[in-house]
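*Asks:* What shape does this take:
(2 chains)
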There are 2 protein chains.
Amino acid sequence: MAVLVVGSVALDTVETPFGKVTDALGGSAVYFALAASLYTPVALVGVVGEDFPARYLEWLRQRPIDLRGLQVRPGRTFRWVGWYDYDLNHAHTLETHLNVFADFQPDLPADYRRARFVFLANIDPDLQLRVLDQVERPELVVVDSMNYWIAHKRAALTRVLERADIVTLNEAEVREYAQHPVLLTAARRILALGPRALVVKKGEYGCVLFANDHYFVAPAYPLEEVRDPTGAGDSFAGGMLGYLATCPRVTMAALRRALVHGSVVASFTCEAFSVERLLTLDRAAIAARYREFREFTSFETGEENGD
Amino acid sequence: MAVLVVGSVALDTVETPFGKVTDALGGSAVYFALAASLYTPVALVGVVGEDFPARYLEWLRQRPIDLRGLQVRPGRTFRWVGWYDYDLNHAHTLETHLNVFADFQPDLPADYRRARFVFLANIDPDLQLRVLDQVERPELVVVDSMNYWIAHKRAALTRVLERADIVTLNEAEVREYAQHPVLLTAARRILALGPRALVVKKGEYGCVLFANDHYFVAPAYPLEEVRDPTGAGDSFAGGMLGYLATCPRVTMAALRRALVHGSVVASFTCEAFSVERLLTLDRAAIAARYREFREFTSFETGEENGD
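*Replies:* Residues are numbered from 1 along each chain as shown, chains lettered A, B, ... in the order given. Have a look, this model is predicted:
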């Protein structure tokens, strides 16, 4: 059991300036699992309703994704309806129908409890705590959250952050949780709770890694066409944790490379609607884009000599 | 004659959440010259009124900055009054008094015309063209501009861009000039006019270099305290061109390193009001921060082995 993810499995209806999809496969656990499973086996815990299309399950089963933890409940699957304007960094939510997700209780099959890595996607922090109470000494717990939980369940979220090894949040969430406008100061306040590292996601501006004596910046891959950024953050986490699962130890050097893997996978996610690009993605395409990343961020190994 | 700059010399009144200064030394040519003169001699062309404080001239004269091109005219010096809120990426202008700058005609002393590098700071593109008509085959012409000229003097600005080797603009200006929301596409349209390279300034998100077959990203140096970002863009250009003047040839590899030098110098500028930090800055402090830059952007030369 390499990587366990607990999160949402959703049917997304999304409109961007470049098109629209209806009831497309989505959800944080799905994006994460499709990304991480390019590197390592993944176990998924989530819930769907009886209306969940069988073909979506087939798509997941084509990868090393263990679905024994995916509950099927009477009722309808969680649905999200949203849109983006040309500022593709910001999703606008039109409708959220929790449906079967409203009563979701993550219960882990016995062998899932010994997962080496755990990703707690953005769900109610009380549920995240429930998962943490079930797992047995994972090597790495990575936690994501969002502004809603910062505002409405701050105490529970704080308990989750205290038990996390790595926290992933976007820029505004870091500032909001820490109640400080300067990112460096805000990051320090979150690290003071206990996590080894904080990964700040900045959308088209890339991501930043903060650790106690460590700082690393990775830009986003420059895309000519961002068709649908839905799932970028979760597939980023999937690429990051998937890569780490292939490393013998989670060192800071490995974590830097993992952030670049996450950025590469997220860039592919944004190129098509829903999980479309993730389904056809392979490690060779990731490796090629990783090499491009190295090329456009280095400034001491120029192609030319003499200056 | 290494580097020539033509731009504004101003008295700035600036308020930020961290304090306020009144009639402080400012202006694009001043910030550029103080930055570039840390690397190489600079010749400055601009205009001030009779009220310009003599001590400000002394500050400039402590550096290898040739002021024979600085005209002193009857009347008051150009003044800018502005403020920033906590989003320090955006200046809000309260007042602009052109004063003697309204009739500024850049006329170059004879030996200035043979400058190796020319920086045309953000002034009326008709004046930028007037400078270009006076210089004799400079190795590199770097041009800055702003949204006002894009909106009001587009034809003249286009003629300037056609004659530039490197264009520096911020993100919104690139999109506005090219009339395209995607930065990559917008950048390509500007490169199609003729410049070898486009440097896009993104404030706290760093900068990007576009050339025909080349792409490079540098983050901004992470600052805990941004007290006053005024002059960041011009001191960025000064660090960039100053460094390039120390290179035997302007290769793409040299240009990458030059962007990092520009970012480093700009980060110091933001740490204090007006030119305060630039006045005490030295190459050793720049070199130390340059090494930090290398450290926090590299992901293939980790401190650890074994993974």
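
*Asks:* going forward, measure contacts and count neighbours with C-alpha atoms only.
*Replies:* Noted.

*Asks:* where does the residue nearest to A:Leu183 when sequence neighbours are not counted land on pLDDT?
*Replies:* For A:Leu183, ignoring the flanking residues on the chain, the nearest one in space by Cα to Cα, 6 or more residues apart in numbering or on different chains is A:Arg175 at 6.4 Å. For A:Arg175, the model assigns a pLDDT of 94.

*Asks:* From A:Leu120, how far out is A:Arg175?
*Replies:* 21 Å (Cα to Cα, to the nearest Å).

*Asks:* now do A:Arg68
*Replies:* A:Arg68 is 17 Å from A:Leu120, by Cα to Cα.

*Asks:* Mind checking which of the two has more residues around it?
*Replies:* A:Leu120 (28 against 13; other Cα atoms under 10 Å in any protein chain shown).

*Asks:* Please name the residues that touch the closest residue to chain B within the stretch 1-150 of chain A.
*Replies:* Nearest residue of the stretch 1-150 of chain A to chain B, counting by Cα to the nearest Cα: A:Tyr86, 7.2 Å away. By Cα atoms under 8 Å, 6 or more residues apart in numbering or on different chains, the contact list for A:Tyr86 reads A:Thr16, A:Pro17, B:Pro181.

*Asks:* if you skip the residues just before and after it, what's nearest to the closest residue to chain B within the stretch 51-200 of chain A?
*Replies:* Among the residues of the stretch 51-200 of chain A, A:Leu184 lies closest to chain B, at 5.9 Å counting by Cα to the nearest Cα. Setting aside the residues directly before and after it, A:Leu184 is nearest to B:Glu224 in space (Cα to Cα, 6+ apart), at 5.9 Å.

*Asks:* Ramachandran coordinates for that neighbour?
*Replies:* phi -80, psi -30 (degrees, to the nearest 10).

*Asks:* so what's it up against?
*Replies:* A:Val182, A:Leu183, A:Leu184, A:Thr185.

*Asks:* can you tell me which of the residues you listed are in strands?
*Replies:* Of these, none are assigned to strands by DSSP state E.

*Asks:* Among the residues you listed, pick out the one closest to A:Thr96, please.
*Replies:* Nearest to A:Thr96, judged by Cα to Cα, of those is A:Leu183 at 30.1 Å.

*Asks:* Any figure for the gap between A:Val167 and A:Asn147?
*Replies:* 14 Å.

*Asks:* Compare these two (neighbour count), which wins?
*Replies:* A direct count of neighbours by other Cα under 10 Å for A:Val167 and A:Asn147 places A:Val167 higher, at 27 against 16.

*Asks:* Show me what the worst-scoring helix or strand of chain A on mean pLDDT pairs with in its sheet, parallel or antiparallel.
*Replies:* Of all the helices and strands that make up chain A, strand A:92-97 has the lowest average by mean pLDDT, DSSP states H and E, namely a mean of 92. The strands beside strand A:92-97 in its sheet (DSSP bridges) come out as strand A:79-83 (antiparallel).

*Asks:* re the thing from before, looking at the contacts of A:Tyr86, which has the most residues close by?
*Replies:* Tallying neighbours with other Cα under 10 Å puts A:Thr16 at the head of those, with 20 neighbours.

*Asks:* contacting residues for the residue lying closest to it once chain neighbours are set aside?
*Replies:* Closest residue to A:Thr16 apart from its sequence neighbours, by Cα to Cα, 6+ apart: A:Tyr84 at 4.9 Å. Counting by Cα under 8 Å, 6+ apart, A:Tyr84 makes contact with A:Glu15, A:Thr16, A:Pro17, A:His90, A:Ala91, A:His92.

*Asks:* As JSON lines, those with distance to B:Leu244 would be great.
*Replies:* Converted to JSON lines, the contacts of A:Tyr84 look like this (distance: Cα to Cα, whole Å):
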{"residue": "A:Glu15", "distance to B:Leu244": "46"}
{"residue": "A:Thr16", "distance to B:Leu244": "42"}
{"residue": "A:Pro17", "distance to B:Leu244": "41"}
{"residue": "A:His90", "distance to B:Leu244": "38"}
{"residue": "A:Ala91", "distance to B:Leu244": "42"}
{"residue": "A:His92", "distance to B:Leu244": "45"}
